[in-house]
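Trainee: 3D model of this:
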Amino acid sequence: MFSTTLIDNFLNDDWVKNLYKKVTATPAINVIETDSEYDMEMAVPGLTKEDLNVQVDENCLNISMEKKTETEHKNEKKNYLRREFSTQQFFRSFELPENVEKEKITAKVENGVLKIALPKVVHVEKKPQPKEIAIG
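Mentor: Residues are numbered from 1 along each chain as shown. The predicted model follows:
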């Protein structure tokens, strides 16, 4: 038999206090500007493309992540009083510059880094064509 003190100590342990705690971390982001596009890089180690969501909503780029981890300790011979799970999530929103071609934005996860390419609108300068003026 277990003493009441032992069970109380077990249930008041830090892992129990944090059992329902939501873990939130917002990764830093790098933005690089070139002549043709803006490149964004975000460190997302251990995440896959299924964990991430990138979307354009009007003039905002929204990046979000939610990953749920659940570990259950079972043993048919013993009755464990422990089941651990955690949720990690973040949300970042960025206002897009006017010169971004929203329809051509691409994203990929490569070696633990989320890379987003935001191409700039290409302005083709038209040379003024000579215009003949009729003499009246």
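Trainee: any weak-confidence spans in this structure?
Mentor: Within the chain, the ranges that satisfy pLDDT under 70 run 1-25, 70-86, 124.
Trainee: where do the helices sit along the chain?
Mentor: Using DSSP state H, the helices assigned to the chain run over residues 4-11, 14-17.
Trainee: and Ala43, how many neighbours?
Mentor: Residues lying near Ala43 (other C-beta atoms under 10 Å) number 13. Placement of C-beta: from N, CA and C, glycine included.
Trainee: contacting residues for the residue nearest to it when sequence neighbours are not counted?
Mentor: Nearest residue to Ala43, sequence neighbours excluded (C-beta to C-beta, 6 or more residues apart in numbering): Pro27, at 5.2 Å. The contact partners of Pro27, taken as C-beta atoms under 8 Å, 6 or more residues apart in numbering, are 42-44, 90.
Trainee: from those, which two are the most distant?
Mentor: Using C-beta to C-beta, the pair of the contacts of Pro27 lying farthest apart is Ala43 and Phe90, separated by 11.7 Å.
Trainee: any idea how far the closest residue to Phe94 other than its chain neighbours lies from Glu41?
Mentor: In space, and not counting its chain neighbours, Phe94 is closest to Leu61: 4.7 Å by C-beta to C-beta, 6+ apart. In this view, Leu61 and Glu41 are 14 Å apart by C-beta to C-beta, to the nearest Å.
Trainee: who's more crowded, the two?
Mentor: More crowded of Leu61 and Glu41, by other C-beta under 10 Å: Leu61, with 21 against 16.
Trainee: I'd say that one and Ala107 touch.
Mentor: No. Taking contacts as C-beta atoms under 8 Å, Leu61 lies outside contact range of Ala107: 9.6 Å.
Trainee: joint contacts of these two?
Mentor: Common neighbours of Leu61 and Ala107 (criterion: C-beta under 8 Å, 6+ apart): 54, 116.
Trainee: need the strands for the chain, in chain order.
Mentor: Using DSSP state E, the strands found in the chain span residues 23-24, 29-33, 37-43, 52-57, 60-72, 83-95, 106-110, 113-119.
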